[in-house]
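Q: Let me see the structure of the following:
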Amino acid sequence: MQEKEELIEIYNEHLESIGIKKKKEVNEKKDIVKTAIIILFNEKNQIFMTEPKKSIWPDKISCSCIALVKHNESAIETAKETLKKELNIEAKLIPFEEKYYNLNGIKRILSFFYAKAKSQPRINKKEIKDGKWVEQDEIENIIKHDDCIPPFIIAYNILKNKFGK
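A: Below is the predicted model:
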């Protein structure tokens, strides 16, 4: 049985939908696409950070999960599906911002979500190389040394301003 081809919505500079592409045809550096960003906390307020197998920011630490939002799917649907697929976690996702960003020429509509994990993530090794729970002080150091992806820095700073350290 052949797997259904994933379709991704493409947007213009005015954030209007201008078309649809097969996921494998999306130019992640030039096309404006909507991306779901998931930040997973535990009971100690540590954040689960990952090292994805494929990224437009190679060798950078990432958020808990990140995925292109599929055509005819909401950002929260993509976020839930990705969290389950990549970390085998089902959690109540709380949206905290959706906004357009130009990340050094990589243009994205970023939809941010956070959740509290009630169980330990189980990494899907097809999608993620590694992952670990990270303390706030270590996150500050990672950001200072430019070792993580720009969407994580944005999400972290929004949450830090919203909830404090």
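Q: so where's this structure uncertain?
A: 1-3, 165 (pLDDT under 70).
Q: Now do the strands in the protein.
A: Taking DSSP state E, the strands of the chain run over residues 7-11, 17-22, 33-41, 47-52, 65-68, 94-103, 106-116, 128-134.
Q: pretty sure Val69 contacts Lys80?
A: No - assessed by Cβ atoms under 8 Å, Val69 is found out of contact with Lys80, at 11.7 Å. Any C-beta I mention is one placed from the backbone N, CA and C, and that applies to glycine too.
Q: re earlier: want to throw the strands of the chain into JSON lines with mean neighbour count?
A: Shown next, in JSON lines, are these (neighbours: other Cβ atoms under 10 Å):
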{"stretch": "strand 7-11", "mean neighbour count": "19"}
{"stretch": "strand 17-22", "mean neighbour count": "13"}
{"stretch": "strand 33-41", "mean neighbour count": "24"}
{"stretch": "strand 47-52", "mean neighbour count": "22"}
{"stretch": "strand 65-68", "mean neighbour count": "23"}
{"stretch": "strand 94-103", "mean neighbour count": "13"}
{"stretch": "strand 106-116", "mean neighbour count": "21"}
{"stretch": "strand 128-134", "mean neighbour count": "16"}
